[in-house]
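Enquirer: sequence plus the predicted model coming up.
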Amino acid sequence: MALIQSVYQLLWGDILTLPLPGGSSIGLSLLVLILIPSGIYFTFRTRFLPFRLFPEMLRVATEKKNVSQKNSISGVQALIISTATRVGMGNLVGVVAAISAGGAGAVFWMWVTALLGSSTAFVEATLAQLYKEKDPLYGGYRGGPAYYIHSLFVKKNSRRKHSVIAVLFALSGLICWCGISQVIGNSVSSAFQNAFRIPPIHTTVILVLVAAVIVLRKNATVKVLDIIVPIMASFYFLLTLFIILKNAGQIPSVFQRILEEAFGLRQAVAGGFGAVLMNGAKRGLFSNEAGSGSAPCAAAAADISHPAKEGLLQAFGVFIDTIVICSCSAMIMLLTPEDLTHGLSGMDLLQTAMQYHMGDFGVIFIAIVLWLFSFSTFIGILFYARPNVAYIFGDNWLSQTLYKILALVMLFIGGLAAYTFVWDLGDIGVGLMTIFNMIALIPLSRLAIDSLMDYERRKR
């Protein structure tokens with residue numbers, strides 16, 4: 001546990017502290033030092049893709065589905081899978097944590113992080129498309145960072161079946177997703193106990209049984225997410241829109257508060273500009289997952305006419321996650337009187353805010369939304385696990401099924417008790433994934449940029 005805590009601090013703790021005017025300071029973690037400069041670099045290399053090509057993202061997201069391989073998925077279906085995992089607890093618990101620790105200004109820096117992350121998401125998703133291969137087990141295609149990392153370190157005609165860095169990435173991902181499975185189980189059982197007084201064991205057994213029916217079937221994942229994700233995101237967005245319209249007169253003051261606290265013009269909850277910026281940046285990176293290498297595992301499975309198209313779709317996914325859904329959670333909290341939420345944090349803060357806006361229905365609604373968000377995340381991460389299990393253990397159903405059973409066991413254990421040890425393992429997993437992914441992403445990024453130029457040339 002001491003070793004895990006040390007690795008956690010190395011990845012997520014402040015390894016560099018910069019003094020700021022006024023006596024405050026800004027602490028920078030290793031992952032922030034990697035992801036923020038990379039996001040800026042990719043934004044310049046793609047010539048400000050999130051702004052310049054946003055209309056094209058919308059067009060690609062709404063075009064007719066067209067697949068050429070049996071059992072393959074469309075580009076939009078790959079977007080739905082990655083959105084299922086992005087639009088998860090980070091959009092509820094993560095936003096609450098950012099505002100609790102960094103004040104309203106943290107929301108602004110989450111927006112900035114998302115805009116930078118869109119370019120990173122484009123690069124990694126396009127590379128996943130460029131290095132995808134046919135999937136002999138599930139049909140269609142598979143790929144992701146393990147596969148393009150392999151191409152970077154193993155020569156084309158080499159007899160080597162594995163790259164050390166690619167194996168480390170795949171292992172980090174499998175560890176991370178096991179940790180997340182336990183967090184999901186605990187969050188859902190806690191929310192249902194608070195909202196409905198249902199004992200955790202009852203919620204957990206039902207959750208695991210329903211999940212098992214879906215994930216242990218060959219190709220049920222995509223069909224289920226096609227239904228759940230659009231419905232849950234739409235309901236959450238519409239309810240937030242209702243709350244915003246109901247409190248329309250307060251909107252200007254909320255945006256003023258966000259901007260004032262973002263630049264330290266008003267004292268933030270955690271004190272100082274540095275706390276505001278870092279809480280927003282860290283939670284933004286955790287929520288949209290850009291650079292971690294998760295979403296490319298879905299992006300590679302897309303049967304799409306041009307690699308850059310999937311890159312644009314995944315860049316759009318970051319927009320949906322942070323600019324839309326995270327902003328919904330932020331507005332729900334910031335439109336609640338501060339004296340009601342003072343001293344609260346976590347789900348208590350969000351449920352209090354929803355109770356203020358919608359009465360007891362609000363508390364029940366948040367519990368159901370958390371269940372849908374978390375459940376879709378669980379199904380999505382097991383889709384991510386497929387190509388990584390195959391890369392390490394080869395093409396066989398035994399290893400695929402054993403990992404799914406392990407994830408279901410972790411889901412069950414998490415529903416009954418919270419083990420911080422495993423939660424830290426999840427955070428370490430995503431941190432290591434990011435480092436191994438970025439090792440290949442920067443040198444290979446020129447291929448993604450070339451693909452973007454080719455796509456734009458063809459469009460012209």
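Expert: Perfect, thanks for sending it.
Enquirer: pull out the buried positions in stretch 322-337.
Expert: 322-336 (16 or more other Cβ atoms under 10 Å). Yep, even glycine has a C-beta here, placed from its N, CA and C like the rest.
Enquirer: so which residue is dead centre in this protein?
Expert: The centroid of the chain falls nearest to residue 86 when counting by Cα atoms, centre = their mean (3.1 Å).
Enquirer: just give the nearest non-adjacent residue to that one, would you?
Expert: residue 321 (4.1 Å; Cβ to Cβ, 6 or more residues apart in numbering).
Enquirer: tell me how many other residues crowd that neighbour.
Expert: 28 (other Cβ atoms under 10 Å).
Enquirer: again with residue 394
Expert: 10.
Enquirer: pull out the buried residues from stretch 188-199.
Expert: In terms of neighbour count (16+ other Cβ under 10 Å), stretch 188-199 has its buried residues at 188-192, 195, 198.
Enquirer: out of these, who's nearest residue 448?
Expert: Taking Cβ to Cβ as the measure, residue 188 is the one of the buried residues of stretch 188-199 closest to residue 448, at 36.7 Å.
Enquirer: secondary structure element for that closest one?
Expert: helix 164-196 (DSSP states H and E).
Enquirer: coming back round to it: separation between the residue nearest to the centre of the chain and residue 79?
Expert: For residue 86, the distance to residue 79 (Cβ to Cβ, to the nearest Å) stands at 10 Å.
Enquirer: pLDDT weak spots in the stretch 1-150 of the chain?
Expert: Low-confidence segments of the stretch 1-150 of the chain (pLDDT under 70): 20-25, 65-71, 87-94, 97, 100-102.
Enquirer: where along the stretch 151-300 of the chain do the helices fall?
Expert: Residue ranges of the helices in the stretch 151-300 of the chain, as given by DSSP state H, counting those that start in this stretch, are 164-196, 200-215, 220-246, 251-262, 273-288, 296-299.
Enquirer: pLDDT value on residue 288, please?
Expert: Looking at residue 288, its pLDDT is 69.
Enquirer: burial count for the nearest residue in space to residue 18 that is not next to it in sequence?
Expert: Closest residue to residue 18 apart from its sequence neighbours, by Cβ to Cβ, 6+ apart: residue 26 at 5.0 Å. Residue 26 has 19 neighbours, counted by other Cβ under 10 Å.
Enquirer: how about residue 351?
Expert: Neighbourhood size, residue 351 [other Cβ under 10 Å]: 22.
Enquirer: how about the secondary structure of it?
Expert: helix (DSSP: H, G, I helix; E, B strand; the rest coil).
Enquirer: in this structure residue 333 contacts residue 96, no?
Expert: Yes - counting by Cβ atoms under 8 Å, residue 333 sits close enough to residue 96 to count as a contact (6.8 Å).
Enquirer: which neighbours do those two share?
Expert: 349-350 (Cβ atoms under 8 Å, 6 or more residues apart in numbering).
Enquirer: hang on, the residue nearest to residue 18 packs against residue 33?
Expert: No - Residue 26 lies out of contact with residue 33 (Cβ under 8 Å); the separation is 11.6 Å.
Enquirer: quick one: buried residues of the top helix by length along the chain?
Expert: Across the chain, the helix with the greatest residue count (assigned by DSSP state H) is helix 420-459. By neighbour count on 16+ other Cβ under 10 Å, the buried set for helix 420-459 is 422-441, 444-445, 447-449, 451-452, 455.
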